[in-house]
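**Student:** could you work out the structure for the sequence below:
(one chain, ligands or ions: 1)
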Amino acid sequence: MSLDQEIQAYRADFEEKRLAKPSRCEVCGGPGPLHWHAEYERSLICFEGTIILPIRRVLCATCRATFALLPDFVVKFRRYARSVIGFSMDQLKRMSLNAVADMLMERCGRVVATFTLSLWRRRFVRTPS
Ligand SMILES: [Zn+2]
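**Tutor:** Just a heads-up that it's a prediction; the model follows:
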């Protein structure tokens with residue numbers, strides 16, 4: 001499924017209240033009970049531009065913590081879609097940080113700092129030990 005299709009499916013699930021609650025609390029790891037909590041909107045940078053996505057929060061009745069239920073194509077704490085980060089990490093295998101930053105400028109129309117790319121690499125690429 002393309003990212004566009006994933007986004008469309010997610011939006012439909014959100015609007016028709018078909019999103020599935022997670023089976024475990026992300027904070028305490030317990031089974032909850034988990035309740036739907038607030039909703040908010042967040043931006044996500046894709047190749048086609050920046051989109052706004054609705055996100056639901058879940059409240060754990062056991063530990064009273066809330067956490068966001070993020071779709072698979074969103075990476076927690078990252079503004080870029082998982083596919084953009086994945087694409088960049090693939091390119092970094094054969095291109096320099098500067099070259100990949102230039103490529104993202106062309107594809108996304110955004111300046112991605114080489115520092116950001118190196119942070120992604122540290123976070124998302126496992127180096128063989
Ligand atoms: Zn909990």
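**Student:** which residue, neighbours along the chain excluded, lies closest to the most centrally placed residue in the chain?
**Tutor:** Residue closest to the mean C-alpha point of the chain, counted by C-alpha atoms, centre = their mean, is V74 at 1.5 Å. Setting aside the residues directly before and after it, V74 is nearest to L44 in space (C-beta to C-beta, 6 or more residues apart in numbering), at 6.1 Å. (Glycine included, C-beta is placed from N, CA and C.)
**Student:** domain ranges for the chain?
**Tutor:** The record's domain split for the chain, according to automatic domain parsing, is 3-69, 82-124.
**Student:** re earlier: list the beta-bridge partners for the residue nearest to V74.
**Tutor:** Partner residues in beta bridges with L44, using DSSP bridges, are I51.
**Student:** wait, it touches P54, no?
**Tutor:** No - contact criterion C-beta atoms under 8 Å: L44 and P54 do not qualify, at 11.1 Å.
**Student:** comparing those two, which residue is more hemmed in?
**Tutor:** Looking at L44 and P54 with other C-beta atoms under 10 Å, you find the greater number of neighbours at L44, namely 23 against 13.
**Student:** enumerate every residue touching that one.
**Tutor:** 50-53, 73-74, 79-81 (C-beta atoms under 8 Å, 6 or more residues apart in numbering).
**Student:** which of the residues you listed has the most neighbours?
**Tutor:** In terms of neighbours by other C-beta under 10 Å, the contacts of L44 top out with A81 at 25 neighbours.
**Student:** so what's it scoring on pLDDT?
**Tutor:** For A81, the model assigns a pLDDT of 94.
**Student:** distance of it from G109?
**Tutor:** With distances defined as C-beta to C-beta, to the nearest Å, the gap from A81 to G109 amounts to 14 Å.
**Student:** quick one on the thing from earlier: what does the pLDDT read for the residue nearest to the centre of the chain?
**Tutor:** Reported pLDDT at V74 in the predicted model: 96.
**Student:** who's in contact with it?
**Tutor:** Here V74 is in contact with 42, 44, 53, 55, 81-82 (criterion: C-beta under 8 Å, 6+ apart).
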